[in-house]
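> got a structure for you, letters missing:
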């Protein structure tokens with residue numbers, strides 16, 4: 001059991017409390033052990049199993065499938081690459097890891113942000129600002145030359161004409177029908193183009209000619225057995241290897257790595273469980289295959305986006321972020337505001353009403369300092385675990401959980417969507433009773449009793465509860481702030497940095513028993529770092545050379561969004577990759 005008392009420091013003064021240390025909880029009762037065993041501790045932090053292997057450097061003598069272009073993945077970027085290559089006369093095969101019911105990654109479940117196209121009321125291309133090239137040159141800090149940036153500019157500027165030509169429409173910065181509508185259009189285009197799609201066929205390995213270093217095909221698996229620890233579990237076992245020939249090249253369009261805890265830990269947030277609101281099959285497969293053939297990496301810190309808070313236990317159980325709903329009263333959200341967030345010290349640490357939609361700023365929730373007196377292997381994150389604490393008024397005001405994580409954003413249209421909302425993996429009960437019954441929400445008649453029964457885990461499986469003294473003092477102070485109409489307590493500003501104050505209109509006291517708590521965590525939306533590539537989307541190796549016939553598109557290697565929407569970049573990079581690979585001659589022809 002993890003106790004972080006040794007070496008810990010006080011994290012700020014709370015009225016009526018002494019210097020606080022993390023509160024190490026007693027082991028959970030038998031009723032809670034089952035839930036923790038199913039979802040928690042070290043098990044929940046384990047990486048999604050990957051079958052990616054080292055590169056194959058022997059060209060097979062026989063092939064199970066053959067196409068001019070092999071596209072790995074089936075989201076918007078993959079679709080655009082396939083449609084473009086097929087239009088240029090290439091035969092195209094798509095390998096998609098997910099079952100058809102869960103396919104299309106983030107593209108089919110997010111808002112479908114497209115800023116370069118507007119069909120309201122009639123089709124109108126949106127021109128890039130005259131300052132676009134200069135801004136990109138500054139932001140990319142020498143990544144691309146002036147001529148490269150001009151190519152990027154032209155690609156994005158020509159994108160609305162191409163999207164309009166294949167039937168994609170957009171209104172108000174989003175594809176018509178948001179992500180699901182966008183993918184419905186692109187999927188129909190893929191079918192019309194005669195592109196073959198193999199679902200439940202994960203690519204595992206690139207096949208490379210040892211003499212020329214060209215990528216000539218892909219090893220994939222067919223007949224896999226899904227582990228099904230939860231409905232959309234991306235892990236699998238078994239399967240038979242097949243060799244897939246790519247006459248002209250391979251496009252990796254496998255999305256990001258947000259559902260690979262090891263990669264998130266290595267590149268972004270070490271030792272934290274951060275579930276994705278996006279596609280659970282985004283486990284970094286393309287990244288690993290490219291790395292196996294020597295691809296260089298870039299820009300992992302540029303685009304790791306946080307999303308809303310979610311409930312940790314159900315998110316682990318269902319393999320996707322099950323979101324806590326922000327408390328703006330509208331068609332999705334409860335009107336109650338008698339709640340706060342606290343950490344293991346029983347202290348608040350942030351403005352709970354702060355938005356985290358597509359947030360890349362430093363997070364109060366996962367604040368970490370190496371010089372704060374907390375040893376890394378004891379407590380590197382003073383605010384983890386964290387809980388939402390509320391009273392009866394709050395619990396009765398409406399469902400605390402999703403599906404919609406971002407309905408709060410004006411004009412409350414739900415444009416910013418997520419996997420659970422679209423796929424319906426879990427629907428929160430209207431009165432929170434099902435979640436209380438399952439032990440996801442703790443309940444007690446007093447604050448002291450609530451602190452005693454509430455538990456949460458860190459990355460290593462250590463069990464904690466909010467410090468009872470700190471929690472009582474924090475609620476006393478919060479209620480006093482509510483009475484005064486001004487919220488002033490968010491921790492020590494010299495320790496935490498500047499924290500925006502919670503609006504007075506949201507200050508409702510926590511004073512009506514029984515009281516409730518549920519463990520939270522921040523979710524993720526996007527991760528954009530990956531294999532380095534040029535503006536033709538061709539992958540670059542660690543020596544600065546291009547890897548022949550290997551291309552990437554979409555969030556596997558994307559640099560930022562280049563001042564455009566997420567789907568702008570997916571479609572643009574997919575279109576560019578499709579053009580580049582289709583223009584090549586067959587590698588067999590090149591050898592003769």
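Structure's in. What do you need? As the structure is a prediction and not an experimental result, all values here were calculated from the model.

> before we move on, what SS does the residue positioned nearest the centre of the chain have?
Residue closest to the average C-alpha location in the chain (Cα atoms, centre = their mean): residue 525, at 3.1 Å. Three-state assignment for residue 525 (DSSP: H, G, I helix; E, B strand; the rest coil): strand.

> next one, pLDDT for it please.
With respect to pLDDT, residue 525 scores 84.

> what do you get for residue 37?
pLDDT recorded at residue 37 is 30.

> what do you get for the one 5 residues further on?
Residue 42 is assigned a predicted lDDT (pLDDT) of 32.

> which residues of the stretch 1-150 of the chain score low on pLDDT?
Within the stretch 1-150 of the chain, the ranges that satisfy pLDDT under 70 run 1-54, 120-121, 125-126.

> the chain too?
Within the chain, the ranges that satisfy pLDDT under 70 run 1-54, 120-121, 125-126, 302, 325-335, 355-380, 403-417, 489-500, 559-565, 590-592.

> I'd say the residue nearest to the centre of the chain and residue 274 touch.
No - the criterion here is Cβ atoms under 8 Å, and residue 525 misses it with residue 274 at 10.3 Å. C-beta here means a position set from N, CA and C on the backbone, and glycine is covered the same way.

> what sits in contact with each of these two?
Listed as contacting both residue 525 and residue 274 by Cβ atoms under 8 Å, 6 or more residues apart in numbering are 258, 306.

> wait, residue 242 touches residue 224, no?
No - using Cβ under 8 Å as the test, residue 242 is too far from residue 224 to be in contact (11.4 Å).

> how distant is stretch 188-200 from the center of its chain?
26 Å (Cα atoms, centre = their mean, to the nearest Å).

> give me the contact list for it.
Residues outside stretch 188-200 that contact it (Cβ under 8 Å, 6+ apart) are 65, 67, 74, 79, 82-83, 86-87, 92-100, 103, 166-167, 220, 222, 224.

> please, which helix or strand holds residue 340?
In the assignment (DSSP states H and E), residue 340 maps to strand 339-343.

> direction included, what does that strand pair against?
Using DSSP bridges, the strands paired with strand 339-343 are strand 386-390 (antiparallel).

> after the strand it pairs with, next one along is what?
With elements assigned by DSSP H and E, the helix or strand that comes after strand 386-390 is helix 392-395.

> what's next to that next one, contact-wise?
Counting by Cβ under 8 Å, 6+ apart, residues outside helix 392-395 touching it are 334, 336-339, 400, 432, 441, 508, 510, 512-516.

> please pick the buried ones from those.
334, 336-339, 400, 432, 441, 508, 510, 515-516 (16 or more other Cβ atoms under 10 Å).

> now those in CSV, with secondary structure and distance to residue 454?
Compiled in CSV, the buried ones among the contacts of helix 392-395 are given as follows (DSSP: H, G, I helix; E, B strand; the rest coil; distance: Cβ to Cβ, whole Å):
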residue, secondary structure, distance to residue 454
334, coil, 21
336, coil, 19
337, coil, 20
338, coil, 17
339, strand, 14
400, coil, 15
432, coil, 16
441, coil, 10
508, coil, 21
510, coil, 14
515, strand, 10
516, strand, 9
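
> for the stretch 401-550 of the chain, what spans make up the helices?
Secondary structure of the stretch 401-550 of the chain, counting by DSSP state H, counting those that start in this stretch: helices at 419-423, 433-437, 447-453, 468-484, 493-496.

> sorry, slip of the keys, the one I care about is the stretch 1-150 of the chain.
30-39, 41-45, 76-87, 132-140, 146-165.

> and the stretch 151-300 of the chain, by the same measure?
For the stretch 151-300 of the chain, helices defined by DSSP H, counting those that start in this stretch occupy the ranges 178-192, 261-267, 285-292.

> tell me the gap between the last one and the middle of its chain.
Going back to what we said before, that points to helix 285-292. For helix 285-292, the distance to the chain centre is 18 Å (Cα atoms, centre = their mean).

> point out the most buried one among the helices of the stretch 151-300 of the chain.
Of all the helices of the stretch 151-300 of the chain, helix 285-292 has the most neighbours on average by mean count of other Cβ atoms under 10 Å, namely a mean of 25.

> so what's residue 202 closest to, chain neighbours aside?
The spatial neighbour of residue 202 that comes closest, neighbours along the chain excluded (Cβ to Cβ, 6 or more residues apart in numbering), is residue 97 at 3.9 Å.

> how about residue 67?
Closest residue to residue 67 apart from its sequence neighbours, by Cβ to Cβ, 6+ apart: residue 93 at 3.8 Å.

> hang on, residue 144 packs against residue 152?
Yes - with contact defined as Cβ under 8 Å, residue 144 reaches residue 152; the gap is 7.1 Å.

> out of the helices of the stretch 401-550 of the chain, nearest to residue 294?
helix 419-423 (32.9 Å; Cβ to Cβ).
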